[in-house]
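**Student:** mind folding the following:
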Amino acid sequence: MTEAHPRHALDEVIHAPVRFSVMATLAAAEEAEFGFVRDGVQVSDSVLSKTVATLERAGYVEVRKGYVGKRPRTWLRLSAAGRDAFRAHVTALRAIADGPVSAG
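**Tutor:** Just a heads-up that it's a prediction; the model follows:
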């Protein structure tokens, strides 16, 4: 029996370019402020909000709201499940990139 192609291990939630970029940014930090992620990924507030909502629904991102002085702030972090999912997704990408896959 042949081994399954590594693409089957890709996470469809993470795979979209903006979601992948947000996950990669958060994987490099314990926690990051919304504006830092927005600027680093180079998207609008609206696009990042929608992206974070999708990742939060999947259980991959945790959102914390608070204040710095009187200014509202939002911080983002990967959940434990999000870190595991991101690691598995990157492993699958590397397996695909390192190919070639044998024809059996």
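**Student:** okay, now the unreliable bits of this structure?
**Tutor:** Residue ranges of the chain with pLDDT under 70: 1, 101-104.
**Student:** longest single helix anywhere in it?
**Tutor:** The helix that spans the most residues within the chain, counting by DSSP state H, is helix 80-98.
**Student:** buried residues of that helix, list them for me.
**Tutor:** If you call a residue buried by 16 or more other C-beta atoms under 10 Å, then helix 80-98 has these buried ones: 82, 85, 86, 89, 90, 92, 93. Where C-beta positions appear, they are placed from N, C-alpha and C, glycine not excepted.
**Student:** and which of these is nearest to residue 20?
**Tutor:** Using C-beta to C-beta, residue 89 is the member of the buried residues of helix 80-98 that lies nearest residue 20, at 7.6 Å.
**Student:** doesn't residue 10 make contact with that closest one?
**Tutor:** Yes: counting by C-beta atoms under 8 Å, residue 89 does reach residue 10; the two are 6.1 Å apart.
**Student:** centroid-nearest residue for the chain?
**Tutor:** residue 23 (2.1 Å; C-alpha atoms, centre = their mean).
**Student:** go ahead and report the secondary structure state at that residue.
**Tutor:** Assigned by DSSP: H, G, I helix; E, B strand; the rest coil, the conformation of residue 23 is helix.
**Student:** so it versus residue 32, what's the distance?
**Tutor:** 11 Å (C-beta to C-beta, to the nearest Å).
**Student:** before we move on, what about residue 57?
**Tutor:** Taken as C-beta to C-beta, the span from residue 57 to residue 32 is 19 Å.
**Student:** residue boundaries of the helices in the protein?
**Tutor:** Going by DSSP H, the chain shows helices at 12-15, 17-27, 34-41, 45-57, 80-98.
**Student:** helices or strands up against the fourth one?
**Tutor:** Helices and strands touching helix 45-57, as assessed by 3 or more C-beta pairs under 8 Å, 6 or more residues apart in numbering; DSSP states H and E, comprise helix 17-27, helix 34-41, strand 61-68.
**Student:** quick one: which of these is nearest residue 4?
**Tutor:** Among the helices and strands packed on helix 45-57, the nearest to residue 4 by C-beta to C-beta is helix 17-27 (21.4 Å).
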